[in-house]
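Enquirer: give me coordinates for this.
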Amino acid sequence: MRNDNPIWSLVDERAAEFTGLADRVFDTPELAYGEKESCAAHTEMLRQQGFRVTENIAGIPTAVMGEAGKGGPVIAILGEYDALPGLSQQPGLAEPKQIADHGFGHGCGHNLLGAAALSAATAVKDWLEAEGIDGTVRYYGCPAEEGGAAKTYMVRDGFFDDVDIAITWHPASFNAVDDMRSLANTRIDFTFHGKAAHAAGAPELGRSALDSVELMNVGVNYMREHMPDLARVHYAYLDAGGIGPNVVQAKATIRQLIRSPDLGGLSSLVERVRKIAEGAALMTETKVTSRVFSAVSNLIENRPLSEAMQAEFNALGPVPFDESDIAFATDIRKTMTREDIADTFFRLSMKPDYDKAMCDFIAPLDRPFMGGMGSTDVGDVSWAVPTVQARVATCAIGTALHSWQQTAQGKMPAAHKGMLHAAKVMAATARAALRDPALIAEAKSAHEAFLAETPYLCPIPPETTPPIPEEERPEAA
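Expert: Numbering: from 1, shown residues only. Sure, this is the predicted structure:
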């Protein structure tokens with residue numbers, strides 16, 4: 001690893017502060033839109049580092065923005081800090097062991113994600129001050145990436161309108177500039193309204209909302225045969241109508257999560273799912289209402305920014321893991337299958353190396369797509385402004401996101417090393433853009449050319465508000 005980029009040392013100077021931030025967020029895992037302590041920790045750090053702070057972004061109590069510098073260009077660095085249900089796990093232990101009754105845990109590494117992004121933003125702030133040049137850096141503290149689509153609301157409400165480029169990262173078991181492929185999705189709650197009746201004494205008087213939900217699922221299941229290969233539909237029962245089988249259920253709600261490789265395909269698929277819901281209501285003589293819970297767009301690659309980040313990543317080199325990091329990763333690997341391990345290499349279009357416990361290389365930018373995608377609200381930011389994202393190794397090769405193994409590694413030295421490495425990659429990419437106006441111009445030109453062919457339409461309706469829990473709303477305080 002070279003040491004000739006001054007912004008890397010600015011990350012190192014505050015390493016202890018930001019690894020401490022990551023660990024504090026790990027210790028207080030909170031779900032989407034309920035990240036009060038995590039947001040407070042990031043807000044406190046922003047103030048300590050001298051950022052100008054704006055709270056309640058887009059009307060979301062757990063969203064915050066810190067800004068430093070003056071004039072343009074404006075560089076946004078995106079952070080997250082929400083956890084997941086069911087993934088409480090003792091850190092540093094290579095076997096599953098829950099540590100909290102509520103079951104929340106950072107099984108996607110967002111404790112690291114937010115801390116590294118804020119570390120990068122701080123390094124860029126310090127570099128701008130030292131150089132005495134114009135430019136503004138913003139840290140966006142973004143809640144509810146896990147299904148809540150907070151960034152989509154931020155984009156819809158104009159909080160990226162004056163941003164020139166956006167930079168982010170995600171913890172991974174490998175090192176690469178992200179290929180910026182993801183699925184657009186929407187979560188829609190379908191509520192069926194029927195009529196209660198005695199299930200034995202007068203069943204003919206009842207109209208079952210639960211039957212409607214089940215028939216809707218049957219219809220969606222038959223639709224799966226006739227969807228594009230990469231499209232997906234999942235579901236969860238939010239209200240199954242109650243626990244009394246002797247009462248015809250008068251109300252039931254199901255959440256359908258609909259995914260497609262692009263916004264156009266998503267819109268078409270949503271209409272088909274809505275028709276199935278209407279058909280189920282018709283069959284059962286019930287009524288159906290629906291509410292969009294959240295929605296996100298697919299990611300858009302910006303080639304000039306991807307090439308710039310790849311150059312900075314290559315200059316920095318892979319994460320410098322040591323023997324103790326590899327030893328713990330080896331223990332974690334014993335809990336995995338060969339298929340788990342191979343999955344990492346398949347994502348990089350490489351032959352699996354089953355003996356390699358931690359990633360010691362940087363994947364090339366141009367690699368064949370091997371399939372398998374999730375969704376992220378970074379997608380909507382990428383439609384609003386040119387965006388680039390890194391994937392940086394923080395855990396053993398083969399570690400699945402949304403797993404107890406990911407949580408177990410979230411406070412380990414390897415995770416801290418990967419986190420600080422990500423901060424350096426992002427800060428260096430921001431520095432390269434601030435030093436080279438042509439890079440930003442090229443990124444904007446590529447972005448505008450894409451939008452000219454495919455205009456952006458926010459997937460969240462204008463009347464829909466963020467699904468903030470009632471107890472977290474400002475008026476409830």
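
Enquirer: what's in contact with stretch 426-433?
Expert: Stretch 426-433 has contacts (C-beta atoms under 8 Å, 6 or more residues apart in numbering) with 5, 7-8, 10-11, 73, 75, 77, 116-117, 119-121, 123-124, 127, 137, 164-165, 167-169, 305, 308-309, 311-312, 315-316, 388, 390, 439-440, 443. For every residue, glycine as well, the C-beta is placed using N, CA and C.

Enquirer: repeat that for 7 Å
Expert: Here stretch 426-433 makes contact (C-beta atoms under 7 Å, 6 or more residues apart in numbering) with 5, 7-8, 11, 73, 75, 77, 117, 120, 123-124, 127, 137, 165, 167, 169, 308-309, 312, 316, 388, 390, 439-440.

Enquirer: just the CA atoms of that stretch, as PDB, please.
Expert: Below are the C-alpha coordinates for stretch 426-433, written out as PDB (Å, rounded to 0.1, in the frame of the first residue of the first chain):
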ATOM      1  CA  MET A 426     -14.200   7.500  -0.400                       C
ATOM      2  CA  ALA A 427     -12.200  10.500   0.800                       C
ATOM      3  CA  ALA A 428      -9.600  10.000  -2.000                       C
ATOM      4  CA  THR A 429     -12.300   9.800  -4.600                       C
ATOM      5  CA  ALA A 430     -13.900  13.000  -3.300                       C
ATOM      6  CA  ARG A 431     -10.400  14.700  -3.400                       C
ATOM      7  CA  ALA A 432      -9.800  13.500  -6.900                       C
ATOM      8  CA  ALA A 433     -13.200  15.100  -8.000                       C
END
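
Enquirer: tell me the mean pLDDT over that stretch?
Expert: Averaging pLDDT along stretch 426-433 yields 98.

Enquirer: and the helices in the stretch 351-477 of the chain, which stretches?
Expert: Using DSSP state H, counting those that start in this stretch, the helices of the stretch 351-477 of the chain run over 378-384, 404-408, 413-435, 437-453.

Enquirer: export these to JSON lines and tack on distance to residue 211 and mean neighbour count?
Expert: Output for the helices of the stretch 351-477 of the chain, formatted as JSON lines (distance: least, C-beta to C-beta, whole Å; neighbours: other C-beta atoms under 10 Å):
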{"stretch": "helix 378-384", "distance to residue 211": "36", "mean neighbour count": "27"}
{"stretch": "helix 404-408", "distance to residue 211": "37", "mean neighbour count": "26"}
{"stretch": "helix 413-435", "distance to residue 211": "48", "mean neighbour count": "26"}
{"stretch": "helix 437-453", "distance to residue 211": "45", "mean neighbour count": "15"}
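
Enquirer: just put these in CSV and tack on distance to residue 26.
Expert: Listed next are those as CSV, based on distance: least, C-beta to C-beta, whole Å:
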stretch, distance to residue 26
helix 378-384, 21
helix 404-408, 8
helix 413-435, 9
helix 437-453, 34
